[in-house]
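**Q** Here is a sequence together with a model predicted from it:
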Amino acid sequence: MNTTYLKQLAKYTFLAPAHNWLVAQFTGIEYCPPVGHVNFGSLRRLTPISREFGFDRGMPIDRYYIEKFLSDHVADIRGHVLEIADNYYTEKFGGNQVIKSDVLNVEKASSKVTIIGDLTNAEHIPLNTFDCIIITQTLHLIYDIKSALKTLYRILKPGGTLLVTFPGISHISNADWGDSGSWCWNLTTVSTQKLFEEVFPSKQVEIKAHGNVLAATCFLQGIATQELQKGELNYDDPDYEMLITIRALKTEVTL
């Protein structure tokens, strides 16, 4: 049957939503509800479903991308490893590859903290110490990111790897940090690239954005990973940078 005829038939026979849906089925384009016919459902609200990033419902969506990133780079998590606040990811992804695990924090918040210090001024940490540094969802709390990156580069061993994640599109929660810090930055792949290339050789920096409009919307609402399908999580749309991941290497010393 002629497609043009079907379009005209649908236009005059069905209401606007049904007409648009039928046209989408025959043309292969994605259905877009007309103005006034978007079904907001549970999302038509002025407050989020959860203000806990989804922790109270399951795994937060940003953690899904963080763990996927680290699982892709388990070979880097080896030798002497430094992590911030605790060593959860070091133990989960490093396993027997890790010879020594250290935890850095600005204060002795738990028994796992082995080094107390501020990344913007940490001269007490020796040069060329760590084979790998894992720093997830932390650098955006530091106003002077450039100084922190210089410290991280200095304390990495030559050939060592820095694994970093930043929030892109995100709920901001300053209240969670009290006097110990505040949410200063939400970055993009462009700003991240420029920041890291001021410290690391550009050829040694790998940056990727994760997320899409659905994942970002759900993350802002505090909906958990378990409430989405894998295909919905694994689709990356470059216009919706929900999470930024960076793998940066310190150049080997050559003789």
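**A** Looks like it arrived, so ask away.

**Q** I figured residue 162 hits residue 151, correct?
**A** No: counting by C-beta atoms under 8 Å, residue 162 stays clear of residue 151, with 10.9 Å between them. The way it works is simple: take the backbone N, C-alpha and C, and place the C-beta from them, glycine included.

**Q** higher neighbour count, the two?
**A** residue 162 (26 against 20; other C-beta atoms under 10 Å).

**Q** Tell me the helix or strand right after the host helix or strand of that one.
**A** Secondary structure from DSSP states H and E places residue 162 in strand 156-167. Next in sequence after strand 156-167, counting helices and strands by DSSP H and E, comes helix 189-197.

**Q** ok so, going back, paired strands for the strand holding residue 162, with orientation please.
**A** Next to strand 156-167 in the sheet, as set by DSSP bridges, lie strand 130-136 (parallel), strand 243-249 (antiparallel).

**Q** Quick check on residue 92: phi, psi?
**A** Residue 92 adopts backbone torsions of phi -70, psi -40, taken as degrees, to the nearest 10.

**Q** next one: residue 97
**A** The phi/psi pair for residue 97 (degrees, to the nearest 10) is phi -70, psi -20.

**Q** One more: residue 47?
**A** Dihedral angles phi and psi of residue 47 (degrees, to the nearest 10) take the values phi -120, psi 150.

**Q** State the pLDDT value of it.
**A** Residue 47 carries a pLDDT value of 95.

**Q** Check residue 32 too.
**A** 78.

**Q** Ok, the one 5 residues further on next?
**A** Residue-level confidence at residue 37 comes out at 82, pLDDT.

**Q** and it, how far is that from residue 30?
**A** 15 Å (C-beta to C-beta, to the nearest Å).

**Q** Looking at the two, which is more packed in?
**A** A direct count of neighbours by other C-beta under 10 Å for residue 37 and residue 30 places residue 37 higher, at 12 against 6.

**Q** For stretch 79-91, buried residues please.
**A** By neighbour count on 16 or more other C-beta atoms under 10 Å, the buried set for stretch 79-91 is 79, 80, 81, 82, 83, 84, 85, 87, 89, 90.

**Q** my read is the last one is in a helix, agree?
**A** It refers to residue 90. Yes: with DSSP: H, G, I helix; E, B strand; the rest coil as the criterion, residue 90 is part of a helix.

**Q** ok, it - contacts?
**A** Contacts were defined as C-beta atoms under 8 Å, 6 or more residues apart in numbering; by that measure residue 90 touches 77, 81, 83, 98, 101, 134.

**Q** State the distance from the residue nearest to the last one when sequence neighbours are not counted to residue 243.
**A** Think residue 134. Among residues not flanking residue 134 along the chain, residue 83 sits closest, at 4.5 Å (C-beta to C-beta, 6 or more residues apart in numbering). Per C-beta to C-beta, residue 83 is found 18 Å from residue 243.

**Q** helices or strands up against the helix or strand hosting residue 151?
**A** Assigned by DSSP H and E, residue 151 belongs to helix 145-155. Using 3 or more C-beta pairs under 8 Å, 6 or more residues apart in numbering; DSSP states H and E, the elements in contact with helix 145-155 are strand 130-136, helix 189-197.

**Q** Now do the SS call for residue 237.
**A** Under three-state DSSP, residue 237 comes out as coil.
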